[in-house]
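Peer 1: Need the 3D shape of this:
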Amino acid sequence: MRALVLLIALSTPAAADIAEAVQGQILPGYAAFQAAADRLAATGKACDIKAVQADYQATYDAWMAVQHIHIGPTEEDGRALAVLYWPDPKALGAKAQRALMTGDPAKLAPDAFAQQSVAARGLLGLERLIYPAEPLPADPCPLIAATTADLSRVAGEIATLWGPQAQLLLTAGDPGNGAYLSRAEARQALFTQLATGLENLTDQRIGRPLGTFEAPHPDRAEARASGRSLRNVTLALQAMRAFTASLTPDAPQTLAAFDVAIAQAEALNDPVFAGVADPAARLKVEILQRSIAHIRELAISEVAPEMDVGIGFNAADGD
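Peer 2: This next block holds a predicted model:
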């Protein structure tokens, strides 16, 4: 009998995969993001810029703990974009914000502001107001209040709606669950979040400022004005490492590779990737980028089989 139990255990994907990821990582992460956004809305209403900056940093930190999750209510109705619209290569957000600051105040009312372009909202919309690169055309306080209140609303919606979404994942394969017809579908949806999150780190958060050796673009780094470019990479790595550990308890190579990349990021004294134009400093950023790409390769070869993700998985296919 003991041999039979052992055989079943060895042939079954690790039980931690769905429940641990949802209950141990995703739900607490969104609850923490909502709490941080609520505090930010309170300071935003008072428009004490130093206090708003501190709560902005805390809210951005909380978002980075869940930014790799792009399923369910996070993606529905453009909520993820309403939290973080980046990149914005045509500076649409700044243009829309100038119009809002100098235009009809009625557009800053909650219902009206929720209909404004996502490029003018969210964390980076707020960053432009509290870390301005140049003088603003009008008093930013009304727009700061509207932006922080909108962030709080969106964070609350995501946290609330993830309750039903969590149940769909946890009851995958049960009768009546049309979202996930099997536990394998739910596992694959969660693994996709990890694979695409790592890909986004290499291609966007590091790749955009790196550019090419002949044409580096440090000005394209995320959250450059608030000094968060490297911090966002580090926090994303830490969050995805914890997510990986929740998906399967048996991924030693992948977790070790995460530890290497996290240590490299923490040792990189370049908060906004300003050094990508310098050959010596650039090499360290390129090494970090390669380390993150290696994590993704290991996740596909080690974590995916542990989770019984089907043959033919492609992160670009989405969930």
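Peer 1: Val276: how many residues sit nearby?
Peer 2: 24 (other C-beta atoms under 10 Å). C-beta coordinates here come from the backbone N, C-alpha and C atoms, glycine included.
Peer 1: So which bits of the helix or strand encompassing Lys50 are buried?
Peer 2: Element membership of Lys50, judged by DSSP states H and E, is helix 49-64. Neighbour-count burial for helix 49-64, counted by 16 or more other C-beta atoms under 10 Å, picks out 49, 52-53, 55-64.
Peer 1: out of those residues, who's nearest Val233?
Peer 2: For these, the minimum distance to Val233 (C-beta to C-beta) is 9.1 Å, reached by Met64.
Peer 1: Show me which helix runs longest in this protein.
Peer 2: For the chain, the longest helix by residue count, based on DSSP state H, is helix 141-170.
Peer 1: Show me what that helix is packed against.
Peer 2: Here helix 141-170 touches helix 27-46, helix 49-64, helix 79-83, helix 92-102, helix 110-113, helix 122-130, helix 183-200, going by 3 or more C-beta pairs under 8 Å, 6 or more residues apart in numbering; DSSP states H and E.
Peer 1: change it to 7 Å
Peer 2: helix 27-46, helix 79-83, helix 92-102, helix 110-113, helix 122-130 (3 or more C-beta pairs under 7 Å, 6 or more residues apart in numbering; DSSP states H and E).
Peer 1: List the residues that contact the nearest residue to Leu201 once chain neighbours are set aside.
Peer 2: Ranked by C-beta to C-beta, 6 or more residues apart in numbering and with sequence neighbours excluded, the top spatial neighbour of Leu201 is Ile292, at 5.1 Å. Listed by C-beta atoms under 7 Å, 6 or more residues apart in numbering, the contact partners of Ile292 are Leu198, Leu201, Thr202, Ala261.
Peer 1: number of nearby residues for Thr196?
Peer 2: Neighbours around Thr196, by other C-beta under 10 Å: 18.
Peer 1: Spatially nearest residue to Val154 (excluding sequence neighbours)?
Peer 2: With C-beta to C-beta, 6+ apart, the residue lying closest to Val154 is Ala82, at 4.9 Å.
Peer 1: didn't that neighbour look like it was pressed against Leu123?
Peer 2: No: assessed by C-beta atoms under 7 Å, Ala82 is found out of contact with Leu123, at 9.8 Å.
Peer 1: Skip the chain neighbours and tell me the closest residue to the residue nearest in space to the middle of the chain.
Peer 2: In the chain, the C-alpha nearest the mean C-alpha coordinate belongs to Gln67, at 1.5 Å (C-alpha atoms, centre = their mean). Nearest non-adjacent residue to Gln67, counting by C-beta to C-beta, 6+ apart: Ala236, 6.4 Å away.
Peer 1: Can you add pLDDT and distance to Asp104 and give the contacts of Ile292 back as CSV?
Peer 2: CSV is the format used below for the contacts of Ile292 (pLDDT from 0 to 100; distance: C-beta to C-beta, whole Å):
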residue, pLDDT, distance to Asp104
Leu198, 98, 43
Leu201, 98, 40
Thr202, 98, 42
Ala261, 98, 47
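Peer 1: just to revisit the earlier point, what's the closest of the helices and strands packed on helix 141-170 to Phe243?
Peer 2: The closest approach between Phe243 and any of those, judged by C-beta to C-beta, belongs to helix 27-46 at 9.1 Å.
Peer 1: Report the distance from the closest one to the chain centre.
Peer 2: 16 Å (C-alpha atoms, centre = their mean, to the nearest Å).
Peer 1: before we move on, the earlier item: which SSE is the residue nearest to Leu201 in?
Peer 2: Going by DSSP H and E, Ile292 is in helix 279-298.
Peer 1: the inter-axis angle of that helix versus helix 183-200?
Peer 2: Put simply, helix 279-298 runs at 170 degrees to helix 183-200, going by axes from the mean of the first three to the mean of the last three C-alpha atoms, to 10 degrees.
Peer 1: If we go by neighbour counts, what in helix 279-298 is buried?
Peer 2: In helix 279-298, counting by 16+ other C-beta under 10 Å, buried: 281-282, 284-285, 288-289, 291-296, 298.
Peer 1: Just the closest of those residues to Gln253, please.
Peer 2: Leu298 (5.1 Å).
Peer 1: my guess is the closest one meets Gln253, correct?
Peer 2: Yes: Leu298 lies in contact with Gln253 (C-beta under 7 Å); the separation is 5.1 Å.
Peer 1: The longest helix of the chain vs helix 183-200, what angle?
Peer 2: Helix 141-170 runs at 140 degrees relative to helix 183-200, counting by the same axes, to 10 degrees.
Peer 1: that older thread, how much space between the residue nearest to Leu201 and Arg241?
Peer 2: For Ile292, the distance to Arg241 equals 11 Å [C-beta to C-beta, to the nearest Å].
Peer 1: got it, and Asp259?
Peer 2: Asp259 sits 7 Å away from Arg241, going by C-beta to C-beta.
Peer 1: same question, Lys107
Peer 2: Distance from Lys107 to Arg241, by C-beta to C-beta: 42 Å.
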